[in-house]
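Enquirer: Dropping the sequence and predicted coords here.
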Amino acid sequence: MPNVIIYTDGAARGNPGPGGYGVVLMSGKYRKELSGGFKLTTNNRMELLAVIIGLEALKQSGSEVTVYSDSKYVVDAVEKGWVFNWEKKSFKDKKNADLWRRFLKIYPKHKVKFVWVKGHANIPENERCDELAVAASMQKNLPEDTGYLQSLQ
């Protein structure tokens, strides 16, 4: 199985506000960039969605994956096991339950390790993810983040 490196970042202009995510996937000589945005969302949602999009883009199950993220929220939730306790409690009183459930569907299909990196520290792929996320947040006619809107009700 291939070794895959995924860099991710999320951005929101205002929190909540227009937001976007950026992903850089690398495996051997292959490199792929992904991004997208929403009309109204939060930074944490975009950070988590970036990871999900990156993992969902992998074509083969069982890949050894290292995810680099500057989001303590995402990295700690997984590496410290918090998300698995949240799942046991049906995400009661937890934000972003829709995205965490989506994450937990894709996460077990690979051997995933998370590494926290300092944001805006001149790490080229992390900087590129930031550029992708910010650019995505500035697109015209962005779609609604229905998961975020449902959480407001």
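Expert: Good, I have the coordinates. Numbers count the residues shown, from 1 in each chain.

Enquirer: C-alpha from now on. contacts and neighbour counts both.
Expert: Fine.

Enquirer: Residue 74 sits in which helix or strand?
Expert: Per DSSP states H and E, residue 74 falls inside helix 72-79.

Enquirer: so what does that helix touch, helix or strand wise?
Expert: Secondary structure elements in contact with helix 72-79, counted by 3 or more Cα pairs under 8 Å, 6 or more residues apart in numbering; DSSP states H and E, are helix 43-56, helix 82-88, strand 111-116.

Enquirer: roughly how far out does the next helix or strand along the chain from the last one sit from the chain middle?
Expert: In other words, strand 111-116. Sequence-wise, the next helix or strand beyond strand 111-116 is helix 124-137, with elements assigned using DSSP H and E. A distance of 12 Å separates the C-alpha centroid of helix 124-137 from that of its chain, computed with Cα atoms, centre = their mean, to the nearest Å.

Enquirer: Next, the buried residues of helix 124-137.
Expert: Buried residues in helix 124-137, counted by 16 or more other Cα atoms under 10 Å: 125-137.

Enquirer: Mind putting the residues you listed into TSV with distance to residue 104?
Expert: What follows is those, written out as TSV (distance: Cα to Cα, whole Å):
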residue	distance to residue 104
125	25
126	24
127	27
128	26
129	23
130	24
131	27
132	25
133	23
134	26
135	28
136	25
137	25
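
Enquirer: circling back to that earlier point, contacts for the helix holding residue 74 next, please.
Expert: Contacts to helix 72-79, defined as Cα atoms under 8 Å, 6 or more residues apart in numbering, come from residues 44, 47, 48, 69, 82, 83, 84, 113, 114, 115, 116.
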